[in-house]
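Enquirer: sequence below, structure please.
(one chain, ligands or ions: 1)
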Amino acid sequence: DWTMASYRDEAIANIRETVGDAKVICGLSGGVDSSVAAVLIHEAIGDQLTCVFVDHGLLRLNEAEEVTRMFGDHYNIPLIHADESELFLGALEGVSDPEEKRKTIGRLFIDVFQKHADTIEGAQFLAQGTLYPDVIESVSFSGGPSVTIKSHHNVGGLPEKMGLKLVEPLRALFKDEVRALGHELGLPDSFIGRHPFPGPGLAIRCPGEITREKLEILRKADAVYIDQIRKHGLYDEIWQAFVAILPVRTVGVMGDGRTYDFACALRAVTSVDGMTADYYQFSHDFLGETATRIINEVRGINRVTYDITSKPPGTIEWE
Ligand code: XMP
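Expert: Numbers count the residues shown, from 1 in each chain. Okay, here's the model as predicted:
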């Protein structure tokens, strides 16, 4: 793709000029955006780049291992794997307000980056995979009044005291363009095709108070759901699919016993850029089979619902 090839070359030249001899640290989430940003910057400045992968305890099943394997082994990009789940989950204890959750997570991310930046001599820049829609949505929504819908944790610049400058080489791009750029940079298709995963992770798929128990249940249910979607060959038709665990227990019956467990909601949408989205029209057979599997395989869930809200008026994530 000629356009993306020239975009890549231009971006690489810009990064070199901006960064000079300094060191850059890049927050890696395991998602497509930060991965493409990291590989692009690595092409530009080689091992002046160090990636920091913060495990905030809000990742999907096996995600930490997959990311460290992909970057450490495959790309050989210097990678710090920061297991900070105790820090994040501790700070989120008792927090149920969505914006407070996002702000807490954003603040801790910065603390953790700062801590690691301090260990890298000459670190002057922090790289992020911020996209154009992230920039707009934090400011206004669909041309409407200028209200904050959600505080995306990776937007808004850095506190001055952090002393790092931002490098955001994807800031002008939409998601489909980032995927084309990733392709141009030689990332594997299986990776480029991954559904987006938000920085605040499972926190915003767990409305209300986050507990370790709920996270554990959510991870298992999500893995079953995604497995179903892959088995039915639907993964690439869907922009994003995930489970949200609801802050409510409901009564059910299993065998000849009463259950009193959590309800969950399945979410799946199609979209071009995440700004607007339509709910995905699964067959009832698929939904029924998936509900049965989740209830049979995941202890702690006894009711499954399907979210048929498009965006707007809903947002893709639940918080
Ligand atoms: P919403 O829920 O706002 O999501 O309709 C639109 C897209 O953005 C993702 N998202 C985020 N990504 N940091 C991110 O990196 C965030 O704080 C964040 N919040 C939402 C969401 O997963 C969807 O793809």
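Enquirer: all helices for the stretch 101-250 of the chain, in order.
Expert: Here the stretch 101-250 of the chain has its helices, by DSSP state H, counting those that start in this stretch, at 132-137, 175-184, 189-192, 212-231.
Enquirer: what residues of stretch 118-130 count as buried?
Expert: Residues 120, 123-130 are the ones in stretch 118-130 that count as buried (16 or more other C-beta atoms under 10 Å). Backbone N, C-alpha and C define where each C-beta goes, glycine included.
Enquirer: so which of the residues you listed are in strands?
Expert: Counting by DSSP state E, the buried residues of stretch 118-130 place 123-127 in strands.
Enquirer: just those residues now: which is nearest G208?
Expert: Closest approach to G208 among those (C-beta to C-beta): L126, at 31.7 Å.
Enquirer: any stretches of the stretch 151-300 of the chain with poor pLDDT?
Expert: The stretch 151-300 of the chain contains residues with pLDDT under 70 at 152-162.
Enquirer: again, only using 80
Expert: Applying pLDDT under 80 to the stretch 151-300 of the chain flags the ranges 151-162.
Enquirer: just the strands in it please.
Expert: 165-167, 240-254, 257-270, 278-279 (DSSP state E, counting those that start in this stretch).
Enquirer: okay, domains of this structure per the record?
Expert: 2-192, 211-306 (automatic domain parsing).
Enquirer: looking at those domains, which is closest to I204?
Expert: Of the domains of the chain, nearest to I204 by C-beta to C-beta is domain 2-192, at 6.8 Å.
Enquirer: surely I308 meets Y280?
Expert: No: counting by C-beta atoms under 8 Å, Y280 is not a contact partner of I308; they are 9.3 Å apart.
Enquirer: which of the two has more neighbours?
Expert: The neighbour comparison of I308 against Y280 (other C-beta atoms under 10 Å) goes to Y280, with 21 against 13.
Enquirer: quick one, what contacts the residue nearest to the more buried one when sequence neighbours are not counted?
Expert: For Y280, ignoring the flanking residues on the chain, the nearest one in space by C-beta to C-beta, 6 or more residues apart in numbering is A268 at 3.9 Å. By C-beta atoms under 8 Å, 6 or more residues apart in numbering, A268 lies in contact with 229, 238, 240-241, 279-280, 282.
Enquirer: same list (those) but as CSV, adding distance to I192.
Expert: Compiled in CSV, the contacts of A268 are given as follows (distance: C-beta to C-beta, whole Å):
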residue, distance to I192
I229, 17
I238, 15
Q240, 14
A241, 17
Y279, 24
Y280, 20
F282, 24
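Enquirer: show me which of these is closest to the ligand.
Expert: Nearest to the ligand among the contacts of A268, counting by C-beta to the nearest ligand atom, is Q240 at 5.3 Å.
Enquirer: how close does the closest one sit to D21?
Expert: Relative to D21, Q240 is positioned 39 Å away (C-beta to C-beta, to the nearest Å).
Enquirer: same check on T3?
Expert: 31 Å.
Enquirer: thought G288 was touching Q228, still the case?
Expert: No: counting by C-beta under 8 Å, Q228 sits too far from G288 to count as a contact (11.0 Å).
Enquirer: neighbour-wise, which of those two wins?
Expert: Q228 (21 against 12).
Enquirer: neighbours of the nearest residue in space to that one that is not next to it in sequence, how many?
Expert: Closest residue to Q228 apart from its sequence neighbours, by C-beta to C-beta, 6+ apart: T290 at 4.6 Å. As a burial measure, T290 scores 23 neighbours (other C-beta under 10 Å).
Enquirer: same check, this time on A64
Expert: 18.
Enquirer: still on that earlier bit, the more surrounded of T3 and D21?
Expert: Using other C-beta under 10 Å, the more surrounded residue of T3 and D21 is T3, with 11 against 8.
Enquirer: and that one, helix, strand or coil?
Expert: Recorded secondary structure, T3: helix (DSSP: H, G, I helix; E, B strand; the rest coil).
Enquirer: against S85, how distant is it?
Expert: For T3 relative to S85 (C-beta to C-beta), the value is 41 Å.
Enquirer: confidence score at the closest residue to F88 other than its chain neighbours?
Expert: Spatially, and ignoring its direct neighbours in sequence, F88 is nearest to H56 (4.1 Å; C-beta to C-beta, 6+ apart). Note on H56: pLDDT of 96.
Enquirer: alright, that wraps it up for me.
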